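# here is my input, please return the structure:
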Amino acid sequence: MNSTAWNRLTQASSEAELKELQTSVHNGGYSAFHLLLEDFKQQLKTMQDEEVPHIVSCIQTARRLFPDPSQFSPSWRFIWEELEQIAAIKANIMQTIAPLDRNGEWQVILDNPYSVQGVVCHPGLTFHEAAYLYSYFRPGLERNEYIRLQKIQLAVTDVGT
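Just a heads-up that it's a prediction; the model follows:
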């Protein structure tokens, strides 16, 4: 594939072009489908408020073209549902946090206070990176686990020598 599957998906102007994409990805197998999914993930990471309907539409089109993603890998059986959840959760976060409040450093924290496992923190993120990670991890939370998306207001950092 010379152009990415994502570009072909988003720029297709006819069912014939979508069918060509479908054939190309099927012929490329696991690798071609994996690249398409990586493009979806990148788009979700950088997705802006006005892009939500377009991204959701692209997921629906890809679901129609590849209704059984488990044929590429069993682990992708529910990938369309997962991508839709990520898009919906991130869209909700973007509706909750005003654009003017999004600049600066963000982090995502995951913890289960009733577990011996340590707190997981993903620091030093942009708003859109942090919102994506929150959206990615949120659906899989186990009992008593929590996830927190937070903006860093002040920070002091030291590095050992």
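# for the spatially closest residue to His128 that is not a sequence neighbour, give its distance to Pro53.
The shortest distance from His128 to any residue other than its chain neighbours is 5.7 Å, reached at Thr46 (C-beta to C-beta, 6 or more residues apart in numbering). Every residue, glycine included, has its C-beta placed from N, CA and C. With distances taken as C-beta to C-beta, to the nearest Å, Thr46 is found 16 Å from Pro53.
# next one: Gln107
From Gln107 to Pro53 the distance is 29 Å (C-beta to C-beta).
# looking at these two, which one has more neighbours?
Gln107 (19 against 10; other C-beta atoms under 10 Å).
# what's the helix or strand for the more buried one?
strand 106-111 (DSSP states H and E).
# quick check: buried residues in the helix or strand just after that strand?
Scanning forward in sequence from strand 106-111 by DSSP H and E, the next helix or strand is strand 120-125. Neighbour-count burial for strand 120-125 flags His122, Leu125 (criterion: 16 or more other C-beta atoms under 10 Å).
# can I get strand 120-125 as PDB, trimmed to CA atoms?
Listed next in PDB are the C-alpha coordinates belonging to strand 120-125 (Å, rounded to 0.1, in the frame of the first residue of the first chain):
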ATOM      1  CA  VAL A 120       0.500   3.800  38.100                       C
ATOM      2  CA  CYS A 121       1.100   7.400  37.000                       C
ATOM      3  CA  HIS A 122       1.600   8.600  33.400                       C
ATOM      4  CA  PRO A 123       3.000  12.200  33.800                       C
ATOM      5  CA  GLY A 124       4.100  14.900  31.400                       C
ATOM      6  CA  LEU A 125       1.300  14.600  28.900                       C
END
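# okay, now the domains of this structure?
Domains of the chain are assigned by automatic domain parsing as 5-96, 99-151.
# buried ones in the longest helix anywhere in the chain?
Longest among the helix segments of the chain by residue count, using DSSP state H, is helix 15-46. For helix 15-46, burial by neighbour count (16+ other C-beta under 10 Å) applies to 18, 21-22, 25, 28, 32-37, 39-40, 43-45.
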